[in-house]
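Chemist: next one to model:
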Amino acid sequence: MLKPMSVVRQAVVADAGDEAGGAMAEGTGAERSSGRKILPIVEGVVLLAALLAPLVLQDYLTVFATRVLILALFALSFDLVWGYAGIMSFGQALFFGSAGYGVALLARDLDITNIFLVLPAGTLIGLTFALLLGGFLLLGRHPSSVIFVSLGTLTGSYAADRLARGWYYLGGQNGIPSIAPMSVGSYDFTEGPAFYYLVLGILVVVYLLCRFLVRSQFGLALAGLRENEQRIAFFGYKAQHLKAIIFTIGGAVAGLAGSLYAFHEGFVWPNMVGVVVSTQVVLYVLFGGSGTLIGAVIGAVIVEGVSFWLSDNYRDIWPIILGLLLLLVILFRPLGLISFVLGERERVGSFGAKPKENVKEKRNAP
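Modeler: Predicted coordinates for the structure are as follows:
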C-alpha cells in the first residue's frame, strides 16, 4: 500500500532541497523567488512550435521532423526509467527495436498494417520484453545494484543485435525492407504532414499520461527513489517492485515509438535493437535534462537538429563537434539544458493539495 503523501513528500523535498544548493540552483533564483511555474510555459512553447512546424518547413524537413518526434517519444521512455527511478538502462533499444521488428513481421507475413492493430501490438511487444528483462534484473532475492542492471540491459541489447544479424528470418544484416504503409481503412499513412500530426498527437497523449503518472502518489514514490532510495525503503515501499513497474511502462512506450519508427522509415535493421541506439537515447536525456519529461523531448530535438545541420555543413568532422558540445553540456550543466530555466524544486514537482493554513494561528500571529 502506498504511504500517506505528506510523509513521503517531506522526505523527497528535503533531499531535493539539499541537492538544489550550489551552482545548479543559483541559476534559477528568479524562478524560486517569484514562485512562478516555468514548466507549463516551456511545455506550451514546445507544443506551439511543434504544431506550427509543418506550416513553415519544407517537405523533406517535415519528414525529418516526424522522425525526431518519434525519437522524442523514445526518449520519454528512457526518462521515465532513469530520470524518475534511477535505472540506467543501456538496453532501451531492445524494446524499441523488438517492437519495430514485430510490426514489420506482421506487415510482411500477415499483411496486417491497420493502425489500431499494429500500434497496440508494438506497445505490447515492448511491454512484454521489458517485463521479462525487468523481472530478471530487478526482482531477485537481493536488491540489484546500478552496475548490475546497467550491464544486464547492455548485454540484452547486444545479444538482440547479434541475434537479429544472424537470423535469416529477420533478414540478417539487411533487416526487413519495404514495409507496407500503416493504414486506417483504405487510407495509407505515408511520409508528410499527416504522419507528422499523427505522431505529434500520440506524443502529446503519451506525454500527458506520463505527466499524470509522475505527479501521482506513485510518481511521488518514484521521485523518492531518485532522491534517496534507502529512505523510501525505510517508509515500507518495495523499491524493486516500483522499479520493475516503471521499467515495464518505459518498455511499452519504447515499443510504441519503435512501431511508429518502423512504418515511418519503411524498414527495420539490427541497429534498432543494438547498443548504439541505446546510447543515443541516453544522450538525448542527458542533454535535455533528466526527470522532467520535457527535457527528454527538447534533448532529442536539439541533438537530432544539431546533428542534421552539422552533417550537412561539416561532413568530415561533425561527430567530433557534436561530441564536444555534448561533453560541454554534461560537464557544466549536469542537469541538462532544462536546468537553465527549471529549478530543482519544480523538477521534483508538487504532489497533492497544498496544506491549509490554520486560521486560528493566523489570527494570533503578531
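
Chemist: so where is the stretch 1-150 of the chain shaky, pLDDT-wise?
Modeler: Along the stretch 1-150 of the chain, segments meeting pLDDT under 70 span 1-36, 141, 143.

Chemist: return the residues in contact with the most centrally placed residue in the chain.
Modeler: Of all residues in the chain, the one closest to the mean position by Cα atoms, centre = their mean is residue 76, 1.8 Å from it. Neighbouring residues of residue 76 by Cβ atoms under 8 Å, 6 or more residues apart in numbering: 203, 206, 207, 210, 253, 293, 296, 297. For the C-beta atoms, the positions are set from N, CA and C on the backbone; glycine is no exception.

Chemist: I'd like to know how far it sits from residue 85.
Modeler: Separation of residue 76 from residue 85 (Cβ to Cβ, to the nearest Å): 14 Å.

Chemist: which helix or which strand is home to residue 218?
Modeler: In this structure, residue 218 sits in helix 217-227 according to DSSP states H and E.

Chemist: and that helix, what's buried?
Modeler: By 16 or more other Cβ atoms under 10 Å, the buried positions in helix 217-227 come out as 218, 219, 220, 221, 222, 223, 224, 225, 226, 227.

Chemist: give the other helices and strands that the helix or strand where residue 244 lies contacts.
Modeler: Using DSSP H and E, residue 244 sits in helix 239-265. Contacts defined by 3 or more Cβ pairs under 8 Å, 6 or more residues apart in numbering; DSSP states H and E place helix 239-265 against helix 59-78, helix 92-109, helix 115-138, helix 193-214, helix 217-227, helix 229-234.

Chemist: count the neighbours of the closest residue to residue 314 other than its chain neighbours for me.
Modeler: Take residue 314 and drop its neighbours on the chain: the residue closest to it by Cβ to Cβ, 6 or more residues apart in numbering is residue 321, 6.2 Å away. Using other Cβ atoms under 10 Å, residue 321 has 15 neighbouring residues.

Chemist: residue 321 and residue 276, how far apart?
Modeler: Counting by Cβ to Cβ - residue 321 and residue 276 are separated by 19 Å.

Chemist: can you check residue 57 too?
Modeler: In this view, residue 57 and residue 276 are 27 Å apart by Cβ to Cβ.

Chemist: of these two, who's got more company?
Modeler: Per other Cβ under 10 Å, whichever of residue 57 and residue 276 has more neighbours is residue 57, with 15 against 11.

Chemist: which one is that one nearest to, not counting chain neighbours?
Modeler: residue 65 (6.2 Å).

Chemist: residues contacting the one you found?
Modeler: So residue 65 contacts 53, 54, 57, 196 (Cβ under 8 Å, 6+ apart).

Chemist: what about residue 43, helix or strand, and which?
Modeler: Judged by DSSP H and E, residue 43 forms part of helix 39-56.

Chemist: and that helix with helix 193-214, angle?
Modeler: Angle, helix 39-56 to helix 193-214, by axes from the mean of the first three to the mean of the last three Cα atoms, to 10 degrees: 170 degrees.

Chemist: distance of residue 269 relative to residue 183?
Modeler: To residue 183, residue 269 is 23 Å away according to Cβ to Cβ.

Chemist: those two: which is more packed in?
Modeler: Set residue 269 next to residue 183 and count neighbours by other Cβ under 10 Å: residue 269 wins out with 22 against 19.

Chemist: which residues of the stretch 201-350 of the chain score low on pLDDT?
Modeler: Ranges of the stretch 201-350 of the chain meeting pLDDT under 70: 234, 344-350.

Chemist: neighbours around residue 235, how many?
Modeler: Look at residue 235: counted by other Cβ under 10 Å, it has 15 neighbours.

Chemist: quick check: it vs residue 220, distance?
Modeler: For residue 235, the distance to residue 220 - Cβ to Cβ - is 11 Å.

Chemist: if I look at the residue nearest to the centre of the chain, how far off is residue 83?
Modeler: In terms of Cβ to Cβ, residue 76 sits 10 Å off from residue 83.

Chemist: mutual contacts of these two, please.
Modeler: What both residue 76 and residue 83 touch, as defined by Cβ under 8 Å, 6+ apart, is the set 293, 296.

Chemist: wait, what's in contact with residue 133?
Modeler: Contacts for residue 133 (Cβ under 8 Å, 6+ apart) come out as 91, 94, 152, 153, 156, 247, 251.

Chemist: and the residues you listed, which two are the farthest apart?
Modeler: The most widely separated members of the contacts of residue 133, counting by Cβ to Cβ, are 152 and 251 (13.9 Å).

Chemist: higher neighbour count, those two?
Modeler: Shown here are residue 152 and residue 251; by other Cβ under 10 Å, residue 251 has more neighbours (32 against 19).

Chemist: I figured the more buried one hits residue 135, correct?
Modeler: No - in this structure, residue 251 is not within contact of residue 135 by Cβ atoms under 8 Å, at 11.3 Å.

Chemist: what number of residues lie near residue 277?
Modeler: For residue 277, using other Cβ under 10 Å, the count is 21.

Chemist: look up the closest residue to it, ignoring the ones flanking it.
Modeler: residue 93 (3.8 Å).

Chemist: could you look up the SS state of residue 111?
Modeler: State at residue 111, reduced to three classes by DSSP: H, G, I helix; E, B strand; the rest coil: coil.

Chemist: was I right about it contacting residue 183?
Modeler: No - using Cβ under 8 Å, residue 111 makes no contact with residue 183, being 10.5 Å away.

Chemist: separation between residue 228 and residue 239?
Modeler: Residue 228 sits 11 Å away from residue 239, going by Cβ to Cβ.

Chemist: actually residue 297, not the one I wrote
Modeler: Counting by Cβ to Cβ - residue 297 and residue 239 are separated by 27 Å.

Chemist: those two: who's more crowded?
Modeler: More crowded of residue 297 and residue 239, by other Cβ under 10 Å: residue 297, with 29 against 20.
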